[in-house]
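# sequence? don't have it. structure:
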């Protein structure tokens, strides 16, 4: 395993753990609880005014996006092994773009 | 030369496919959520964030998020062996502990925030 592969795999494992442990709670709080009576304004206020909540939101969403694209990359590579290299570059690039978009949205709010 | 993997040739591969796909589905859902938040930022209308469609999509995303969480916590002790006092812990015991930690973290977050 070369250094860049080790780094992307480490990111994969780290983001998988963050997504696994935090995303369900985040989803229940931000999307399901408001439908069951929690005022959506509370969620939006936290997201707009609480810098710690913003940071955690970005880490969770960024982790979910990076990890999802990394795993989908593996599916595509297993289906088209002859195009492994180009799939790797495209999917990691897309993951980075969407993580940066997540950062932009978090900063805007 | 590597050959194409057939995900539906047996239950183990189908489960692997669902496990891999679950992460991608919640990634797409996260991007969708970001677009809703951006829309909120532009219009300051919160109606789009809490409609019935959002509830249905959130429940679907939650199912896939739970598939991802449980399958990843199931894989973790198989990838990284946990040793206590030089003795390797049983992987099912570690999986059980990880599920317990997951439930405690989820409960604490929801109790603090709601």
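All right, it came through fine. Small disclaimer: the values here were computed from a predicted structure and weren't measured.

# so for residue B:56, what's the pLDDT?
On pLDDT, residue B:56 comes in at 91.

# distance between the ends of stretch A:24-37?
Stretch A:24-37 has an end-to-end distance of 18 Å (C-alpha to C-alpha, to the nearest Å).

# could you pull up the mean pLDDT of it?
86.

# which residues touch that stretch?
A:38, A:40, A:43, A:57, A:60, B:33, B:49-50, B:52, B:54-55, B:57-59, B:61-62, B:65-66, B:69, B:105-106, B:109-110, B:113-114 (C-beta atoms under 8 Å, 6 or more residues apart in numbering or on different chains). (Glycine included, C-beta is placed from N, CA and C.)

# quick check: neighbours of the lowest-mean-pLDDT helix or strand in chain B in the sheet, parallel or antiparallel?
Least confident helix or strand, chain B: strand B:83-84 with a mean of 84, by mean pLDDT, DSSP states H and E. In the sheet, strand B:83-84 lines up against strand B:87-88 (antiparallel) (DSSP bridges).

# just checking, next helix/strand downstream of the partner strand?
Scanning forward in sequence from strand B:87-88 by DSSP states H and E, the next helix or strand is helix B:91-113.

# what about the longest helix in chain A?
helix A:51-79 (DSSP state H).

# report the angle between the helix or strand just after that one and helix A:51-79.
Following helix A:51-79 in sequence order, the next helix or strand is helix A:84-108 (DSSP H and E). Helix A:84-108 and helix A:51-79 meet at an angle of 160 degrees, taking axes from the mean of the first three to the mean of the last three C-alpha atoms, to 10 degrees as the criterion.

# need the contact partners of helix A:84-108.
A:8, A:54, A:57-58, A:61-62, A:65-66, A:68-70, A:72-73, A:76-77, A:80, B:2, B:27, B:30-31, B:34, B:37-38, B:41.

# try it again with 6 Å
A:54, A:58, A:61-62, A:65-66, A:69, A:73, A:76-77, B:31, B:34, B:37-38, B:41 (C-beta atoms under 6 Å, 6 or more residues apart in numbering or on different chains).

# so which of those residues is surrounded by the most neighbours?
Counting neighbours by other C-beta atoms under 10 Å in any protein chain shown, residue A:65 comes out on top of the contacts of helix A:84-108 with 30 neighbours.

# residue contacts, it?
A:98-99, B:27, B:30.

# try 8 Å
Counting by C-beta under 8 Å, 6+ apart, residue A:65 touches A:95, A:98-99, A:102, B:27, B:30-31.

# now the residues you listed: which count as buried?
Among the contacts of residue A:65, those scoring as buried are A:95, A:98-99, A:102, B:27, B:30 (criterion: 16 or more other C-beta atoms under 10 Å in any protein chain shown).

# what two of the residues you listed are the furthest from one another?
A:95 and B:30 (11.4 Å; C-beta to C-beta).

# list the residues that contact both of the two?
Taking C-beta under 8 Å, 6+ apart as the criterion, residue A:95 and residue B:30 both touch A:65, A:68.

# thinking residue A:67 is in contact with residue A:22, fair?
No: the pair residue A:67 and residue A:22 fails to qualify as a contact (C-beta atoms under 8 Å) at a distance of 11.9 Å.

# how many neighbours does residue A:100 have?
Quick note: residue A:100 (other C-beta under 10 Å) scores 12 neighbours.

# again but with residue B:111, I slipped
8.

# from chain B, which residue is nearest to chain A?
Using C-beta to the nearest C-beta, the single residue of chain B nearest to chain A is residue B:27, 2.4 Å away.
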